[in-house]
Every structure is written in structure tokens, then in C-alpha cells.
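In: structure for this input, please:
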Amino acid sequence: MSPRRRSKKRSGRNRQGQQPIEFWRSVPELGSVEPIRPSPDPTAVIRSLGTPPLTGQTAVADHYLAAAVERSAQMATALAAAAGLLGHESDD
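Out: Model (predicted):
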């Protein structure tokens, strides 16, 4: 049995009522941004969730999840520094 094919007339009829999207429209200016301060312990949220439910792989899973979160925090800190948004501890 071959799959049904849609008629080209039908698909064109559905698109007539849609408005085109303006990709290059002007957007309002962003407000001021607060400085970003790196977390002293980026793995705290992951650890608070408990051990992952992977039978026989919990120790390895904990290690790899923590490594991924730490690397993500490093990259976020580097991006904030590159954009000039990195705060300092003296900013408190």
C-alpha cells in the first residue's frame, strides 16, 4: 500500500491567510544589564536533585553530569568576560 500524497492545491490554499514575517524590522534598545558573577559551586543544583536513576552507572553519571555543568559554567563566564559583563566580588 503506498502512502497518500497531498494535493498541491490544498497546501497552497492554507497559506493564503498567513501574513509574512518581517525578519529585518527594528527592535527597541535593551535596558542596562546587571553584571554577571560566576557561581562558586555550579554543581549545587545537580547534586540537590540526588543520584541519577541509572542502575550500575550512578558514580559515572554523577561525574559526567558534574563535568558538563562545570564546563558550561566556565563557558558562560568566558562569554560574560568577552562581552564586558563579568562582575567582581567587590560589586556587592
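In: quick check: Ser26 vs Ala61, distance?
Out: 47 Å (CB to CB, to the nearest Å). Every C-beta, even on glycine, is put in place using the N, C-alpha and C of the backbone.
In: the two: who's more crowded?
Out: Ala61 (14 against 6; other CB atoms under 10 Å).
In: leaving out the residues flanking it, which one is nearest to that one?
Out: Pro52 (4.3 Å; CB to CB, 6 or more residues apart in numbering).
In: doesn't that neighbour belong to a helix?
Out: No: using DSSP: H, G, I helix; E, B strand; the rest coil, the secondary structure at Pro52 is coil, not a helix.
In: tally of neighbours for Gly87?
Out: Neighbour number of Gly87 under other CB under 10 Å is 13.
In: what are the phi and psi angles of it?
Out: Torsion angles at Gly87 (phi, psi; degrees, to the nearest 10) stand at phi -90, psi 170.
In: next one: it from Glu70, what distance?
Out: 20 Å.
In: same check, this time on Tyr64
Out: For Tyr64, the distance to Glu70 - CB to CB - is 11 Å.
In: do Gln19 as well
Out: Taking CB to CB, one finds Gln19 at 45 Å from Glu70.
In: ditto for Glu22
Out: Counting by CB to CB - Glu22 and Glu70 are separated by 41 Å.
In: which of those two has more neighbours?
Out: Glu70 (15 against 7).
In: give the full set of residues in contact with Ala76.
Out: The contact partners of Ala76, by CB atoms under 8 Å, 6 or more residues apart in numbering, come to 36, 38.
In: which strand or helix spans it?
Out: helix 58-82 (DSSP states H and E).
In: which positions in that helix come out as buried?
Out: Across helix 58-82, burial judged by 16 or more other CB atoms under 10 Å covers 62, 69, 77, 80.
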